[in-house]
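Participant: need coordinates for the below:
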Amino acid sequence: MKKTTVHTLALALVLCFSVAVLAQPASAATNEVLYLSDTMGDADGLSALYRVEIVNGVANMILLPNGTLPYNFPDVISADPDGSKIWFIDDYHGGATDTGTFGYYSVADATVHAVGTVTYNGQRLFEIDQAAVAPDGQLYITDNNYNSLYTLDTATAVATLVGQIQNAYGNPVDIQGGDIAFGADGTLYLWVNWMSSGCPQGLYTLKLPAVAGDPVVATWIGGTQETSRRFTGLAVRVNGLGDLVGSITAGAFSNTVAVVDKTTGLFTETFPMMKDGVPFDHTWGDMSIGPFPRPPETNEPPTTNITFCTYTIGYWKNHSWEGKNVSILGVVVDEAYGKMILQNAKGKNMSMLFAQLIAAKLNVNNATGIQLIDAAEDYLVTMDEFTGDIVIPDGKGGWLLNWNRAFDSDTVKSITTYWAGLLDDFNNMYHCPDDAPVSANTTSRGGKKR
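Facilitator: Numbers count the residues shown, from 1 in each chain. Okay, the predicted model is just below:
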């Protein structure tokens with residue numbers, strides 16, 4: 001009876017998720033690219049751009065080449081869809097020395113360029129707070145004075161009003177602080193730091209109006225009202241494919257990067273900021289992803305040396321993981337344990353699914369929010385909930401994966417092979433060139449996933 005129930009629910013999982021997965025445009029990415037600007041204030045006149053690498057439970061801040069900017073408050077940043085430019089605006093709430101300059105950092109040659117002062121209706125637009133580039137290349141910005149959204153012409157720095165950000169009842173949303181960020185699917189997210197007029201703190205999606213000047217409707221996803229959960233910046237992990245991350249400067253989560261579930265608005269993990277092995281003191285600033293995933297059918301070479309690519313299980317079993325780990329059903333898989341699984345994976349039992357899942361998680365830096373990977377792991381979770389033998393005790397108070405578990409029916413074999421095949425396609429979709437950098441990977445908590 002138990003096995004029949006398992007097969008029925010597992011098959012339902014496949015039918016549910018396969019329709020959603022196969023309906024999506026093919027996309028995958030590794031070498032996660034996240035950027036952060038840290039503004040140093042009026043006193044020293046120094047601000048900088050950093051690459052953020054989330055690895056082994058830490059958010060490492062790596063200064064970009066020539067990444068120190070000649071502006072006090074590049075509090076607004078966002079990268080082009082191809083990752084070739086990081087746009088910035090020198091603007092700060094109440095800043096005495098901000099200039100309103102719009103410019104960009106060229107990733108290819110590490111040079112900084114000014115375009116001009118951001119204007120709207122012929123006047124400087126003040127209190128610019130957030131920016132995000134859509135997958136189609138359109139740059140959007142917001143301002144605190146009117147809680148409004150604008151498009152920005154990157155050639156002229158001229159802003160055009162899209163509309164004021166309001167909830168469904170017509171109440172303006174106080175967007176001061178926080179940030180906006182696009183997912184690779186075109187979803188525009190907003191993180192709100194302050195509750196106002198019935199608009200709670202937390203994560204929203206924004207719907208652009210059909211007519212310019214009409215309200216931009218904000219729909220609350222969720223979140224908590226704790227003051228320690230206020231962001232300086234927001235980005236979508238795995239270059240627009242995963243859950244969200246935000247940078248925090250104060251409170252209980254001071255100087256951390258927090259992961260936010262894009263379906264609930266709730267924190268799931270936090271990573272302390274570190275630079276050169278010591279804690280990093282984040283002041284103010286912003287976050288952005290690098291390039292969006294490139295369509296696999298494109299024949300054009302990438303415009304920067306930071307590319308999106310995936311490695312197969314063959315690569316990961318023969319190359320160093322550089323001390324990094326992934327998590328499968330809450331079990332931490334380090335390099336030694338993972339390579340043992342990869343090197344012994346076969347199609348005659350469940351080992352191939354575990355091997356493909358490990359490779360996929362390495363390829364996305366162990367991030368959550370990737371629909372295919374999450375669905376494949378949920379299939380294993382469901383099996384474990386009914387059989388109790390996918391995650392097993394290690395005899396020492398911990399847990400192990402029953403990675404070479406036998407198929408107990410042709411149905412389980414078919415479903416398991418199906419998921420392994422989808423993950424294999426994912427891991428081959430953007431095959432890395434031999435000289436591509438190995439991606440960073442995060443460490444997840446131990447314990448059995450329930």
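Participant: tally of neighbours for Thr101?
Facilitator: When counting by other Cβ atoms under 10 Å, one arrives at 20 neighbours for Thr101. Any C-beta I mention is one placed from the backbone N, CA and C, and that applies to glycine too.
Participant: in the sheet, who's paired with it?
Facilitator: Thr117 (DSSP bridges).
Participant: so it touches His113, yeah?
Facilitator: No. Judged on Cβ atoms under 8 Å, Thr101 makes no contact with His113 at a distance of 10.4 Å.
Participant: low-confidence stretches in the protein?
Facilitator: Residue ranges of the chain with pLDDT under 70: 1-31, 41-45, 93-95, 227-228, 294-308, 433-450.
Participant: got the buried residues for the longest strand seen in it?
Facilitator: Counting residues, the longest strand in the chain under DSSP state E turns out to be strand 58-69. Judged by neighbour count (16 or more other Cβ atoms under 10 Å), strand 58-69 contains these buried residues: 58-61, 64, 67, 69.
Participant: residues making contact with the next helix or strand after it?
Facilitator: Using DSSP states H and E, the helix or strand that follows strand 58-69 towards the C-terminus is strand 76-79. Contact partners of strand 76-79, identified using Cβ atoms under 8 Å, 6 or more residues apart in numbering, comprise 33, 35, 37, 49, 85-89, 91, 128-133, 139, 141, 233, 285-291.
Participant: now with 6 Å?
Facilitator: 37, 86-89, 128, 131-133, 286, 288, 290 (Cβ atoms under 6 Å, 6 or more residues apart in numbering).
Participant: and of these, the nearest to Tyr169?
Facilitator: Checking these against Tyr169 with Cβ to Cβ, the nearest one is Ala132 at 24.7 Å.
Participant: which ones are touching the closest one?
Facilitator: 78, 140, 180-182.
Participant: how about the helices in the stretch 251-400 of the chain?
Facilitator: 313-316, 335-344, 351-363, 371-387 (DSSP state H, counting those that start in this stretch).
Participant: quick one: distance of the shortest one to the chain centre.
Facilitator: Taking Cα atoms, centre = their mean, to the nearest Å, the mean C-alpha location of helix 313-316 is offset from the chain mean by 24 Å.
Participant: picking up where we left off before, let's have the helices of the stretch 251-400 of the chain in JSON lines, adding distance to Gly163 and mean neighbour count.
Facilitator: What follows is the helices of the stretch 251-400 of the chain, written out as JSON lines (distance: least, Cβ to Cβ, whole Å; neighbours: other Cβ atoms under 10 Å):
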{"stretch": "helix 313-316", "distance to Gly163": "47", "mean neighbour count": "19"}
{"stretch": "helix 335-344", "distance to Gly163": "49", "mean neighbour count": "17"}
{"stretch": "helix 351-363", "distance to Gly163": "38", "mean neighbour count": "27"}
{"stretch": "helix 371-387", "distance to Gly163": "30", "mean neighbour count": "20"}
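Participant: out of those helices, flag the one nearest Gly242.
Facilitator: With Cβ to Cβ as the measure, helix 371-387 is the member of these nearest Gly242 (9.1 Å).
Participant: helices and strands around that closest one, which ones?
Facilitator: helix 2-23, helix 410-428 (3 or more Cβ pairs under 6 Å, 6 or more residues apart in numbering; DSSP states H and E).
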